[in-house]
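# coordinates only, sequence not included:
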């Protein structure tokens, strides 16, 4: 990542983008595919790991249009071109760059070049979906550019929650059971955990009439009504994943395995005992490891993945979309059109193809299939699915700060999240969290919902807000050597309670 051993970099979590987005359902009768997920659940017999693309391949497409040149659109284009060498693939991107929110910039500090991430900053390797990401990176020739952060490193084992006015370390599995239990029983942040764990196994399953609820309501109900734990711990986690309000987001849409575990087994604890994650095989995680080693990327890379907490690339996350762009451009059957927005989607008069109208005033182009990776608030203007317009989005600012002094952070680790329960006087900037980039490798989300464009902070205001947060929480008063603040308007979909029912209707 062009890092120096003496550097210290902090990143204000005004939010980590698209860590766990979900798919919009595709109607089988239509050939318009909408996807908001890079890789789907992993059928062990399919290298690409995407059922949607497997189904798409059976359509034998002649000419495919992909709307959006972000990471999802680029992956879809690369796979579609490879799966169907006789078909044509065209990517439409309205901006002048590819990669979407995956965006790295190199800035020149007094110590030399430094990589700033304007969006997502790392990937998780040792999961089913993470294994497919590793496989894709390897197939793109990026194995030598991967930078792994060990689970045993400070960044892998030290993660914090700010509560109520200090950093509290979250127990790690590496601590050992006795130390974990002692921490859970003695620290005020975890007050009531023991009772909540017991209550969860005793609370009856939800009534059949309950078709959805908020993540906060679901967890509160399952742990016997202990809302303090939800506000102190789980709201911080939701800030880190979705930049959203735990009391508004849908548990059925965003955490379906928890919802299904209660429905099938009566409790989450029983679900953990009796259920295994899809695709892991009869021997659970060991089968996942074997599958990765033998089918996807080999034992050497698999071992690195198992020992890693996260990984990125030497020159930043931008490496991934850049590699995908190169592969697409090298394909004889694929084409990328940047600076070209789609202004209309319609059926041809005979109903056999889909017509795409673009902003360049050229005649509409005909396609056998269309894959849309556009945000719902953009797609709803192109196709007649009213429910898409009902999906709210949150705005996030990412502030990167580079300091010459490497010893500013009081405790080494990945960083910290800020729960909703933190008093206003401790977080008047409404930060979501902070990442210690020099140890690990953004800061505002749902708090800005409803604000007009004029009410959102400028980059200069974002820098001041970030520096105030660091001074209050970490006692850092040094002036940063380099700062880059980026506002992402309406960047993360918020699937609120009833989301699935609204789409199905």
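It's in. Note that this is a predicted model, so its numbers are computed, not measured. Numbers count the residues shown, from 1 in each chain.

# Below-threshold pLDDT in the stretch 351-500 of the chain: ranges please.
Applying pLDDT under 70 to the stretch 351-500 of the chain flags residues 439-449.

# Pull the number of nearby residues for residue 453.
8 (other C-beta atoms under 10 Å). (C-beta placed from N, C-alpha, C; glycine too.)

# Give me the distance between it and residue 490.
Distance, residue 453 to residue 490, by C-beta to C-beta, to the nearest Å: 10 Å.

# Please apply the same query to residue 467.
From residue 467 to residue 490 the distance is 26 Å (C-beta to C-beta).

# same check, this time on residue 375
Going from residue 375 to residue 490 by C-beta to C-beta gives 7 Å.

# what is in contact with these two at once?
Residues touching both residue 375 and residue 490 by C-beta atoms under 8 Å, 6 or more residues apart in numbering: residue 393.

# Give me the more crowded residue out of the two.
Neighbour totals were compared for residue 375 and residue 490, and residue 375 leads with 19 against 15 (other C-beta under 10 Å).

# residues contacting the more buried one?
Contacts of residue 375 by C-beta under 8 Å, 6+ apart are 393, 490, 493.

# Quickly name whichever of those is closest to residue 99.
Distances from residue 99 to those, taken as C-beta to C-beta, are shortest for residue 490 (17.6 Å).

# what's the closest non-adjacent residue to that closest one?
Residue nearest to residue 490 in three dimensions, not counting chain neighbours: residue 393, with 3.8 Å by C-beta to C-beta, 6 or more residues apart in numbering.

# Am I right that residue 231 falls within a helix?
Yes - counting by DSSP: H, G, I helix; E, B strand; the rest coil, residue 231 is found in a helix.

# give the contact list for it.
419-421.

# Dump those residues into TSV; add secondary structure as well.
As requested, the contacts of residue 231 are exported to TSV (three-state DSSP):
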residue	secondary structure
419	coil
420	coil
421	coil
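
# Drop anything exposed from those.
Applying a neighbour-count criterion of 16 or more other C-beta atoms under 10 Å, the buried members of those are 419-421.

# Of those residues, which is the nearest to residue 311?
residue 419 (27.3 Å).

# Please name the residues that touch that closest one.
Counting by C-beta under 8 Å, 6+ apart, residue 419 makes contact with 161-163, 231-233, 235-236, 239.

# Is residue 160 bridged to anything, and to what?
residue 169, residue 416 (DSSP bridges).

# Low-confidence bits of this structure, can you list those?
Residues of the chain that meet the criterion pLDDT under 70 lie in 1-59, 275-298, 439-449.

# Could you chop it up by domain?
Taking automatic domain parsing as the criterion, the chain consists of the domains 37-101+318-372, 122-151+280-313.

# tell me the contacts of residue 73?
Contacts for residue 73 (C-beta under 8 Å, 6+ apart) come out as 66-67, 91, 93, 100, 371, 373.

# can you list the residues you listed in CSV and add secondary structure and neighbour count?
Supplementary listing: the contacts of residue 73 in CSV, determined by DSSP: H, G, I helix; E, B strand; the rest coil; neighbours: other C-beta atoms under 10 Å:
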residue, secondary structure, neighbour count
66, strand, 29
67, strand, 26
91, strand, 28
93, coil, 24
100, coil, 24
371, strand, 27
373, coil, 26
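
# Strands along the stretch 201-350 of the chain, start to end?
Secondary structure of the stretch 201-350 of the chain (DSSP state E, counting those that start in this stretch): strands located at 308-313, 334-337, 342-347.

# So which of the ones you listed is the most surrounded?
strand 308-313 (a mean of 22; mean count of other C-beta atoms under 10 Å).

# gap between the spatially closest residue to residue 505 that is not a sequence neighbour and residue 160?
In this structure, residue 505 finds its nearest non-sequential neighbour in residue 387, 6.7 Å apart by C-beta to C-beta, 6+ apart. From residue 387 across to residue 160, the span is 39 Å (C-beta to C-beta).

# What are the neighbouring residues in contact with the residue nearest to residue 71 when sequence neighbours are not counted?
Leaving out its chain neighbours, the residue that sits closest to residue 71 by C-beta to C-beta, 6+ apart is residue 102, at 4.9 Å. Taking C-beta under 8 Å, 6+ apart, we find residue 102 in contact with 70-71, 119-120, 317-318, 320-321.

# Could you do residue 117 as well?
11, 103-104, 316-317, 398, 400, 437.

# what do you get for residue 352?
By C-beta under 8 Å, 6+ apart, residue 352 has no neighbours at all.

# Return the backbone torsion pair for it.
The phi and psi values for residue 352, taken as degrees, to the nearest 10, are phi -90, psi -20.

# ok, so what distance separates it from residue 231?
55 Å.

# Over to residue 337?
Remark: distance between residue 337 and residue 231 (C-beta to C-beta) = 47 Å.

# before we move on, what about residue 252?
21 Å.

# go on, residue 257?
Taken as C-beta to C-beta, the span from residue 257 to residue 231 is 23 Å.

# And residue 381, by the same measure?
Separation of residue 381 from residue 231 (C-beta to C-beta): 37 Å.

# Helices along the stretch 351-500 of the chain, start to end?
When assigned using DSSP state H, counting those that start in this stretch, the helices of the stretch 351-500 of the chain occupy the ranges 376-379, 437-440, 459-474, 499-504.

# Ranking the ones you listed by mean neighbour count, which comes first?
A comparison of the helices of the stretch 351-500 of the chain by mean neighbour count, using mean count of other C-beta under 10 Å, puts helix 437-440 on top with a mean of 24.

# and the helix or strand where residue 135 lies, what other elements does it pack with?
For residue 135, the host element (DSSP states H and E) is helix 128-139. Counting contacts by 3 or more C-beta pairs under 8 Å, 6 or more residues apart in numbering; DSSP states H and E, helix 128-139 packs against helix 285-291, helix 299-306.

# Could I get the contacting residues of residue 267?
Residues near residue 267 by C-beta under 8 Å, 6+ apart: 200-201, 203, 205, 222, 261.

# Going through the residues you listed, which ones are buried?
Buried subset of those (neighbour count, 16+ other C-beta under 10 Å): 200, 203, 222, 261.

# Quick check: the two most widely separated of these?
Counting by C-beta to C-beta, the most remote pair of the buried ones among the contacts of residue 267 is 203 and 261, 12.8 Å apart.

# before we move on, the earlier item: pick out whichever of the contacts of residue 73 sits closest to residue 342.
residue 67 (5.5 Å).

# Would you agree that closest one is in contact with residue 369?
No - if you go by C-beta atoms under 8 Å, residue 67 and residue 369 don't touch, sitting 11.4 Å apart.
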